[in-house]
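[1] My questions are about this predicted structure, shown below with the sequence.
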Amino acid sequence: MNKLFLTIVILALSSSAFGQQAFSSVEEQMTGAEYKASGLDKLTPEELAALNNWVRAHSLATLDAPTAGVASGGDSRGFESQKISGMERTTITSKLVGKFSGWDGQTTFKLENGMIWQQTDKDKFYLKEVENPVIIIEPGAFGTWKLSTEGYSSKCKVERIQ
């Protein structure tokens, strides 16, 4: 029984350590020339640690929304803070890149802020073609997201793919 308990404890500790080691810091991912050319060599150790913490928290592996906005309740990318069940999720306001005439059940939405979202329901909505419309993506129930076009009430469910 003691051997089983000891084995479980060792496995739990090693998996925790592995998760922490899986993250490669910015300086580990860049060549020396890239590191210097980006100006990161000018950061203090505290600033570099803060940058690495931000990268770790916002890695593509999690695809989570940022966990902190600026004091005004939003930030320069169009995020507006909203607490739901103790976890911060944000309303995203941005523009779609290019011409847009609605969604058809399989639509991918590329945003001006670099995000890419994919429609997850089969709803259809058509409108007269517009260029670079403002869209709003809001948190929905049970971890879902709803996308709408400014000026229209129709919404579709989406998930972030990038």
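    Received the coordinates, thanks.
[2] so what are the domain limits for this structure?
    Domain assignment for the chain by automatic domain parsing gives 2-57, 79-160.
[3] winner for burial among those domains?
    domain 79-160 (a mean of 15; mean count of other Cβ atoms under 10 Å). Every residue, glycine included, has its C-beta placed from N, CA and C.
[4] Columns mean pLDDT on top of the domains of the chain, output as JSON lines?
    Listed next are the domains of the chain as JSON lines, based on pLDDT from 0 to 100:
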{"stretch": "domain 2-57", "mean pLDDT": "66"}
{"stretch": "domain 79-160", "mean pLDDT": "88"}
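[5] Going along the chain, name the helices of the protein.
    2-21, 26-29, 32-37, 45-57 (DSSP state H).
[6] Tell me who's in contact with the residue lying closest to residue 110 once chain neighbours are set aside.
    In this structure, residue 110 finds its nearest non-sequential neighbour in residue 97, 4.7 Å apart by Cβ to Cβ, 6 or more residues apart in numbering. The neighbourhood of residue 97, defined by Cβ atoms under 8 Å, 6 or more residues apart in numbering, consists of 110-112, 132.
[7] Next step: those restricted to strands.
    The strands, defined by DSSP state E, take in residue 110 from those.
[8] and of the contacts of residue 97, the nearest to residue 122?
    Lowest distance from residue 122 to the contacts of residue 97 (Cβ to Cβ) belongs to residue 110, with 20.5 Å.
[9] The closest one against residue 94, yeah?
    No - Residue 110 is not in contact with residue 94 according to Cβ atoms under 8 Å; the separation is 9.9 Å.
[10] now do the same end-to-end measure for stretch 129-144.
    End-to-end distance for stretch 129-144: 27 Å, by Cα to Cα, to the nearest Å.
[11] With stretch 130-138 instead?
    21 Å.
[12] Can you tell me what sits against it?
    With Cβ under 8 Å, 6+ apart, stretch 130-138 has contacts from 91-101, 109, 111-112, 117, 145-150, 158.
[13] Likewise for stretch 103-116?
    Residues contacting stretch 103-116 (Cβ under 8 Å, 6+ apart): 77-78, 92, 94-98, 117-119, 121-126, 132, 135, 147, 156, 158, 160-162.
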